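**Student:** Following is a predicted model, sequence given first.
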Amino acid sequence: MTAPTLDAPQAVVVGDGTTAVARARTRWQKVRWPLATVVGFLVLVGLSSLLTARTSTTPLAPDNPGEVGARAVAEILRDQGVHVSYVRTVREARALAQPGTTLLVAGTAALDDDQVEALADVAADLVVVGPQGYHVPRLTGGAVRMDGPYMSGSAAASCTHPAAAAAEAIAVSGRALVAENPGVLVCFRHATGAAGGPAGAMAAFDDGDRRVVVVNDAAFLTNGVLAERGHAALALHLLGRNAELVWLVPRFEPDDGPGLSMVPDWLGTVALQLAVVVLAVGLWRGRRLGRVVVEPLPVTVRAAEATVGRGRLYRRARAYGHAAAALRAGTASRIASRLGLPRAAGAAEVIDAAVRATGRPREQVAGLLYGPPPTDDTGLTVLARLLDQLESEVHRT
């Protein structure tokens, strides 16, 4: 007697007669391409974020390597251990500008009065370069104004401020800053001075526990002239005093609550990629119109019955024009076929052929086949009878 053998495990059959393996295979075949599309899209987004350029063309921005950018001084500061936080809105700047940090405001043309007031109240050391003249009194609490003589060329430090003394001389341009309070130190002075106080390209003073510095022109920060004169020394001393530097290059948009400034820069790229993926999936999965499929009708409707029914609908709707157009089209088609005209023959050809076949005047044939529609039952009846006579005459030829 032989020992019983163990059969291989049988596939489990589910309620609809299929096996679990077959069902899983079918589901996988349905979802594999959509899943592959999603995975490909995520990979593309990841690569885009990795390959996104880390530079810009924004003037005075710390990530702009161009002539008007300021990436060079930002990289030098980072090498010296200063952490540079680049922001574009006043809201972000105020959140980061805490005591013991330096806030650089690179230009104020994009700021309104409320935003200027918000920057003037920060607890961090404040360095403003290239401001609008009417913003200077607000930023300095009235200690400095910017309506002095116009400066150009080169100017020596002419003061004891450490940053100015290290720079020794810089290129100057624009209206001079004028001190309104005796505690304001004015450097790189204008040769002729100014009524109401000393005037120069830079003004600095202490406001409690923080320092405020205003430079009338921001050109000394740019990559194109940083290596000239004492520009690098002035920039590094002004911005490297604290270990944290908040670099604000304002842009033209409101800072009152969330808005476009909250939208990340990469959102546009991701949205474009998503649109391409959706379009590709639509083209792939979209149903295409094929040939017309003939389907047998559940009942057979005789042509006479269909014609009578359509006529009753026309009569109920008083659609004399539609009924007349149907009669004329049918008559013209049969006449053209009888006289050997092509299906694409125009009205003029059909009229000419009917005139030759019947001997009727051209105006009469044209009026019957392509004239104005009737306006009542009587007119429609007369038209039908006349069209029938015309067609009978053509068939006799």
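**Tutor:** That came in fine, so what should we check first?

**Student:** hey, let's count contacts and neighbours off CA atoms from now on
**Tutor:** Noted.

**Student:** Pop out the phi and psi values for residue 150.
**Tutor:** Dihedral angles of residue 150 (phi, psi; degrees, to the nearest 10) stand at phi -80, psi 130.

**Student:** Please apply the same query to the one 3 residues further on.
**Tutor:** Per-residue torsions, residue 153: phi 100, psi -140 (degrees, to the nearest 10).

**Student:** Make residue 1 into 10 and carry on from there
**Tutor:** Sure, I'll start numbering at 10, so the last one becomes residue 162.

**Student:** Run through the bridge partners of it.
**Tutor:** residue 181 (DSSP bridges).

**Student:** Return the residues in contact with residue 112.
**Tutor:** By CA atoms under 8 Å, 6 or more residues apart in numbering, residue 112 lies in contact with 102, 106, 133-136, 254-257.

**Student:** following the host helix or strand of it, which helix or strand shows up next?
**Tutor:** Using DSSP states H and E, residue 112 maps to strand 110-115. Scanning forward in sequence from strand 110-115 by DSSP H and E, the next helix or strand is helix 122-129.

**Student:** Identify each buried residue in that next one, please.
**Tutor:** 124-126, 128-129 (16 or more other CA atoms under 10 Å).

**Student:** Just the helices from the protein, written as ranges.
**Tutor:** In the chain, the segments counted as helices under DSSP state H are 29-60, 80-88, 99-105, 122-129, 145-148, 171-176, 240-248, 276-294, 312-325, 329-347, 356-367, 371-379, 386-405.

**Student:** Which pLDDT value does the model give residue 279?
**Tutor:** On pLDDT, residue 279 comes in at 72.

**Student:** I figured residue 230 was touching residue 69, is that so?
**Tutor:** Yes: Residue 230 lies in contact with residue 69 (CA atoms under 8 Å); the separation is 7.2 Å.

**Student:** Quickly list what's touching both of these two.
**Tutor:** What both residue 230 and residue 69 touch, as defined by CA under 8 Å, 6+ apart, is the set residue 79.

**Student:** for this protein, which residue is closest to the average position?
**Tutor:** Taking CA atoms, centre = their mean, the centroid of the chain lies closest to residue 277, which sits 6.1 Å from it.

**Student:** before we move on, the earlier item: now the angle between helix 122-129 and the strand holding residue 112, please.
**Tutor:** Going by axes from the mean of the first three to the mean of the last three CA atoms, to 10 degrees, strand 110-115 is angled at 150 degrees with respect to helix 122-129.

**Student:** Pull strand 110-115 out as CSV, backbone CA atoms only.
**Tutor:** This file holds the C-alpha atoms of strand 110-115, laid out as CSV (Å, rounded to 0.1, in the frame of the first residue of the first chain):
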residue,chain,number,x,y,z
THR,A,110,20.4,90.8,14.3
THR,A,111,21.0,93.2,11.4
LEU,A,112,18.2,94.1,9.0
LEU,A,113,19.4,95.3,5.6
VAL,A,114,16.7,97.2,3.5
ALA,A,115,18.0,97.3,-0.1
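
**Student:** What number of residues are in the vicinity of residue 38?
**Tutor:** Using other CA atoms under 10 Å, residue 38 has 11 neighbouring residues.

**Student:** Let me know the distance separating residue 195 from residue 247.
**Tutor:** In this view, residue 195 and residue 247 are 15 Å apart by CA to CA, to the nearest Å.

**Student:** Neighbour count for the two, which is higher?
**Tutor:** Between residue 195 and residue 247, residue 195 has the larger neighbour count (other CA under 10 Å), namely 29 against 19.

**Student:** Tell me the bridge partners for the residue lying closest to the more buried one once chain neighbours are set aside.
**Tutor:** Of all residues not flanking residue 195 in the chain, residue 212 sits nearest, at 4.5 Å (CA to CA, 6 or more residues apart in numbering). Residue 212 has these beta-bridge partners by DSSP bridges: residue 195, residue 223.

**Student:** what's the burial count for residue 212?
**Tutor:** By other CA under 10 Å, 27 other residues sit near residue 212.

**Student:** mind listing what it touches?
**Tutor:** Counting by CA under 8 Å, 6+ apart, residue 212 has contacts 153, 186-188, 193-196, 222-224.

**Student:** that older thread, list the buried ones in the strand holding residue 112?
**Tutor:** Those would be 110-115, for strand 110-115 by 16+ other CA under 10 Å.

**Student:** Could I get those in CSV, plus columns for distance to residue 170?
**Tutor:** Listed next are the buried residues of strand 110-115 as CSV, based on distance: CA to CA, whole Å:
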residue, distance to residue 170
110, 19
111, 17
112, 19
113, 18
114, 20
115, 21
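
**Student:** Residue 200: neighbour count?
**Tutor:** 12.

**Student:** How much space separates it from residue 147?
**Tutor:** 26 Å.

**Student:** again with residue 53
**Tutor:** Taking CA to CA, one finds residue 53 at 48 Å from residue 147.

**Student:** The two: which has the busier surroundings?
**Tutor:** Applying other CA under 10 Å to residue 53 and residue 147 shows that residue 147 carries more neighbours, namely 19 against 14.

**Student:** Need the pLDDT of the more buried one.
**Tutor:** So, for residue 147, pLDDT stands at 95.

**Student:** Correct me if wrong: it contacts residue 127.
**Tutor:** No: using CA under 8 Å, residue 147 is not in contact with residue 127; the gap is 9.9 Å.

**Student:** which residue sits closest to residue 173, ignoring its sequence neighbours?
**Tutor:** The nearest residue in space to residue 173 (CA to CA, 6+ apart) is residue 166, at 5.3 Å.
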